[in-house]
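Enquirer: let me see the structure of the following:
(chains A and B)
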2 protein chains.
Amino acid sequence: MKVEVITIGDELLIGQVVDTNSAWIGSKLNENGIHLSKITSIGDSKEQIYKALDDAFASADAILMTGGLGPTKDDITKKTLAEYFQCGFKTDQQTLDRVKELLQRRGISVTDINYMQAEVPEVCEVIQNYNGTAPCMVFRKERKLLVSMPGVPFEMKGLMEDAVLNLLIKESGTQAIVHKTIMTTGVPESVLAKRIEEWEIGLPQYMKLAYLPSLYGVRLRITASENRKKDLTDAVEEQVNKLKPILKEDIFSYQDETLEEVVGRMLKSRNLTVATAESCTGGTVASTIVSVPGASLYFKGGVVAYDDEVKKDLLKVNPCTLFTDGAVSKAVIEQMAEGARALLKTDFAIATSGIAGPDGGTESKPVGTTWIAVATPRSTISEVYNFGDNRERTMIRATTAALNMLRIQILRAD
Amino acid sequence: MKVEVITIGDELLIGQVVDTNSAWIGSKLNENGIHLSKITSIGDSKEQIYKALDDAFASADAILMTGGLGPTKDDITKKTLAEYFQCGFKTDQQTLDRVKELLQRRGISVTDINYMQAEVPEVCEVIQNYNGTAPCMVFRKERKLLVSMPGVPFEMKGLMEDAVLNLLIKESGTQAIVHKTIMTTGVPESVLAKRIEEWEIGLPQYMKLAYLPSLYGVRLRITASENRKKDLTDAVEEQVNKLKPILKEDIFSYQDETLEEVVGRMLKSRNLTVATAESCTGGTVASTIVSVPGASLYFKGGVVAYDDEVKKDLLKVNPCTLFTDGAVSKAVIEQMAEGARALLKTDFAIATSGIAGPDGGTESKPVGTTWIAVATPRSTISEVYNFGDNRERTMIRATTAALNMLRIQILRAD
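Expert: Residues are numbered from 1 along each chain as shown, chains lettered A, B, ... in the order given. Sure, this is the predicted structure:
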């Protein structure tokens, strides 16, 4: 099955918005063994939409379209689709009920515009969009498929994962394919590649390895396909078992999940609690921990000690140490972690202090220098890192390193 | 002049790389009044490149192509272009000299591959790429232009700014175009559309309005073009001045910037400080504030009071109030804000407490219920919201609402 993506919106062409939807759709299709052959981005214009549809119907089996479904005048996709398929409009009652309920729950009154949002071209089928008001519409032309989705990323993603991917898989009859994701963190891509070089060379022909690096670590993705002689899942597991003794505790999961989910599960199952004391990360470690549902079972709270006064008053950091060693130092970070553990009465505490930049760096402590400590029931450990000179990336890298240090300490305490 | 962009690379279609080049090119063309009408992304395949070129030459005046110029076997753009234009190869001496010098300076010996990099199709002109080894090639077909650039972002950007933009401007004789972005928050898109309906209808024909909604609010973009009678900038300002009394303080900026940047600037210029007390947002408000460089001038710190014990111990919330009203209540949120303001000795303090879900909702306080308070030097104000049942989005919406409440309080204190 050949799939093409069409993204619609003037904002894409003038560069106000980067089209991340297409890359996300591409990766999801690829995971499911479906080939994306082309991405086209066009403006909110009837002529351009007609031309793009004609072209795509001529070469693809299925078209995924995003954007141009908002309630305002500049969004013309729905109207244009009705004209393209030469039909009138019908009201989708389910969409109307959903929109009404959504607005009422948020205390917003229903307007004409909302009634219009529930109108769809007569010939389409509607897939309910549980994350927004614009309906997702499925059209068929000869034996080809066109799915029109909203351009808001989380609405599009919800629709793809709830329904559209399954629809495509069902219609395409894709080949056998197995993916396995192994999550690592704390080891740079090039070092990792060297460590697993021999293992990688030993992989059977029908398995492919992909390195997917990000600020959070390196994901390794094994893809096995089209081998009729062997059970693919077993064959992949066999390779994973060979990888385990090479990477040991640098692997934090064998499925695509986040470090904070893994750490949360570890704390919960051991009935342990954690607190945070953050300077440079300014709440990012805490907010990452609570992004996991049910975090209240193991996270009691934290202190964002941005100003040195807060480090002294709340975390009981010794003023002399602050004066002699500075806020970004081994002595202070360990006192911060211990102070938070005592203040919030938890089993563990994580502390961060660094120079996020762009200003504030010195020769001995350049921008990016970051101390991280973990206080445990038995001892306090700390490490210094340099996360480079980009403020946003430093926050993410420091948060990842802090959670990883906590993970290792929980493991070692077992 | 109509321009189209073609980006080439399998990595774009499987979602391993997000195509940021197109958005950058789009914004640069737009700044220079050149209209980008379409972006197409295709794989490293001869058939797809042929088809994309045929399509683009049929509808555009100029084509900007990126990618597929690397030295490895999977990069086929240059070879395919020579075939498309039915010509042989020539050596570009300047490129060869540059590649040799570049490698020698880095102590790398020159190989066959490097000689091949200096070969280009006979019919093209070469623009020197001072940031890499792949040459930039300019082709002409009838009176139309095709520019092939490398896909590495900083090489492409260097070429565009050094030469390609000027070439396009020279050949196009561009029309005037003016954009203006107005940032609003706190008003849903459909309500906003209703409020400014009359104003929108009254816009002159040569101005277009776009609504760009996100979790952070709605951006309004006015685009004016092709009006020879009037100064476009003045004409747009005239419309903006009519919009001001309609939207009043729901507008937080007249340029494309974040709410936290605006609030930070407001605090800094007034020499005011702020602290946070967060329950449901778990540090997101604090980390959003410190994402702005220089935040240490106005942000002292905060408490993440996830557990009720922390609310009592650190923020001095009255245990009786907690017991009678619950943590998600007007009385508790106001005590949290006042507690943080006293504890951290700041002018303002923001507090959040809500039910982020997926569990913990009740009939009177469903998932999404969120109280937000701002303590100011004169009084404490609070409001209740419902941000829906998605945990991640609730965090962002609550943070945006909290910062917006702070902004309004700072304005009113003036």
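
Enquirer: go through chain A and flag its longest helix.
Expert: Determined from DSSP state H, the single longest helix within chain A is helix A:391-413.

Enquirer: is chain B within reach of that helix?
Expert: Yes. Helix A:391-413 reaches chain B (CB under 8 Å from any CB of the partner chain) through A:Arg391, A:Glu392, A:Met395. In this view, the C-beta of every residue, glycine as well, is placed from N, C-alpha and C.

Enquirer: need the buried ones from those selected in ChimeraX.
Expert: Only the buried entries of these go into this ChimeraX selection, using 16 or more other CB atoms under 10 Å in any protein chain shown:
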select /A:391,395
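
Enquirer: could you export the residues of helix A:391-413 next to chain B as TSV, including pLDDT?
Expert: TSV is the format used below for the residues of helix A:391-413 next to chain B (pLDDT from 0 to 100):
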residue	pLDDT
A:Arg391	86
A:Glu392	84
A:Met395	90
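
Enquirer: which pLDDT value goes with the residue with the largest distance to the centre of chain A?
Expert: Computed with CA atoms, centre = their mean, the maximum C-alpha offset from the centroid of chain A is found at A:Cys320, amounting to 42.3 Å. Listed pLDDT for A:Cys320 reads 96.

Enquirer: so which elements touch the longest helix of chain A?
Expert: helix A:259-270, helix A:284-290, strand A:348-354, strand A:369-375, strand A:380-386 (3 or more CB pairs under 8 Å, 6 or more residues apart in numbering or on different chains; DSSP states H and E).

Enquirer: of those, which is nearest A:Lys180?
Expert: helix A:259-270 (16.5 Å; CB to CB).

Enquirer: which positions in the helix or strand following the closest one come out as buried?
Expert: Per DSSP states H and E, the first helix or strand lying C-terminal to helix A:259-270 is strand A:274-278. Residues A:Val274, A:Ala275, A:Thr276, A:Ala277, A:Glu278 are the ones in strand A:274-278 that count as buried (16+ other CB under 10 Å).

Enquirer: give the contact list for the residue minimising distance to the centre of chain A.
Expert: In chain A, the residue lying closest to the centroid (CA atoms, centre = their mean) is A:Thr258, at 8.6 Å. The contact partners of A:Thr258, taken as CB atoms under 8 Å, 6 or more residues apart in numbering or on different chains, are A:Tyr216, A:Val292.

Enquirer: before we move on, the earlier item: in the longest helix of chain A, what counts as buried?
Expert: Using 16+ other CB under 10 Å as the test for burial, helix A:391-413 gives A:391, A:394-410.

Enquirer: for stretch A:221-241, same thing?
Expert: Buried, per 16+ other CB under 10 Å, within stretch A:221-241: A:Ile222, A:Thr223, A:Ala224, A:Leu232, A:Ala235, A:Val236, A:Gln239.

Enquirer: closest residue of the stretch 101-250 of chain A to chain B?
Expert: Among all residues of the stretch 101-250 of chain A, A:Ile113 sits closest to chain B, at 4.7 Å; criterion: CB to the nearest CB.

Enquirer: you'd agree that residue is up against B:Lys194?
Expert: Yes. Assessed by CB atoms under 8 Å, A:Ile113 is found in contact with B:Lys194 at 6.9 Å.

Enquirer: between those two, which has more neighbouring residues?
Expert: Neighbours were counted for A:Ile113 and for B:Lys194 using other CB atoms under 10 Å in any protein chain shown; A:Ile113 has more, 19 against 16.

Enquirer: next up, identify which helix or strand the more buried one is on.
Expert: With DSSP H and E as criterion, A:Ile113 is part of helix A:112-117.

Enquirer: now swap in A:Asp54 and tell me
Expert: A:Asp54 belongs to helix A:46-59 when assigned by DSSP H and E.

Enquirer: how many degrees apart are that helix and helix B:46-59 in direction?
Expert: 150 degrees (axes from the mean of the first three to the mean of the last three CA atoms, to 10 degrees).

Enquirer: so which elements touch helix A:46-59?
Expert: When contacts are defined as 3+ CB pairs under 8 Å, 6+ apart, helix A:46-59 packs onto strand A:2-8, strand A:35-42, strand A:62-66, helix A:77-84, strand A:144-149, strand B:35-42, helix B:46-59.

Enquirer: ok now that helix, how far from the chain's centre?
Expert: Here helix A:46-59 is found 32 Å from its chain centre; the criterion is CA atoms, centre = their mean, to the nearest Å.

Enquirer: sounds good, over and out.
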